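Trainee: structural data only, the sequence is not supplied:
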């Protein structure tokens, strides 16, 4: 059974710092991995989707990497800003077409 | 702009009442989904539909019902049989096909049972 974890559950950093968020999954047989952002009381916003054949994806200050063999993905945020404060969730689509979400990492960027 | 619209944003229900949450998309996506989000937990799938007039139960379908009469619409009814309905409900869509692919979400509906 696929399980997705995200550590730490919460992270607080000063503005301008580069940071890494982690996502781990137990079964390497995945089709893709997606990173989302969720602001309080809002829906999820898609940030990056990495197909299983890809190693990384980039969008602006965000870079997501995928290592299927080790069951890990990282979301790198460069030069963090207070507006980056939100909960970040990862989700994997398994080989049997099921999407499993992690519990999220709550990020606070302090001005 | 294309997107997913959920309504109402907030809903209060008395015990024993059924309520229906609306989800409309103009992304021309075939697949639509309903998720439930509770504090400290990952999203859990309630129902999904990959084509009009067809839908499948997800992991926590008990106490919920759906319909898919139009491609654009996928309403969720929370029935009185749902024991703990207070939660944040999220509707999503994707292009569909063999795999789910990229998911797009609405802004959510928060249901509170009084």
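Mentor: Thanks, I have it. Quick caveat, the model's predicted, so the values are computed rather than measured. Residues are numbered from 1 along each chain as shown, chains lettered A, B, ... in the order given.

Trainee: quickly note the distance from the most centrally placed residue in chain B to chain A.
Mentor: By C-alpha atoms, centre = their mean, the mean C-alpha position of chain B lies nearest to residue B:34, the distance being 2.7 Å. Look at residue B:34 and chain A: by C-beta to the nearest C-beta, to the nearest Å, they are 12 Å apart. Any C-beta I mention is one placed from the backbone N, CA and C, and that applies to glycine too.

Trainee: beta partners of that residue?
Mentor: Under DSSP bridges, the beta-bridge partners of residue B:34 are residue B:47, residue B:91.

Trainee: OK, contacts around it?
Mentor: Residues in contact with residue B:34 (C-beta atoms under 8 Å, 6 or more residues apart in numbering or on different chains) are B:23, B:45-48, B:58, B:64, B:66, B:74, B:76, B:89-92.

Trainee: which of those sits closest to chain A?
Mentor: Among the contacts of residue B:34, residue B:90 lies closest to chain A (C-beta to the nearest C-beta), at 5.8 Å.

Trainee: same for the host helix or strand of residue B:112, what does it pack against?
Mentor: Using DSSP states H and E, residue B:112 maps to strand B:109-113. Strand B:109-113 sits against strand B:10-13, strand B:19-25, strand B:87-94, with contacts defined as 3 or more C-beta pairs under 8 Å, 6 or more residues apart in numbering or on different chains; DSSP states H and E.

Trainee: pull out the buried positions in that strand.
Mentor: Residues of strand B:109-113 classed as buried under the neighbour-count rule (16 or more other C-beta atoms under 10 Å in any protein chain shown) are B:109, B:111, B:113.

Trainee: please report how far the first one lies from residue B:50.
Mentor: Same thing as residue B:109. As judged by C-beta to C-beta, to the nearest Å, residue B:109 and residue B:50 stand 22 Å apart.

Trainee: cool, and the second one?
Mentor: Counting by C-beta to C-beta, the gap from residue B:111 to residue B:50 is 25 Å.

Trainee: what's the neighbour count on residue B:66?
Mentor: The local packing of residue B:66 (other C-beta atoms under 10 Å in any protein chain shown) involves 22 other residues.
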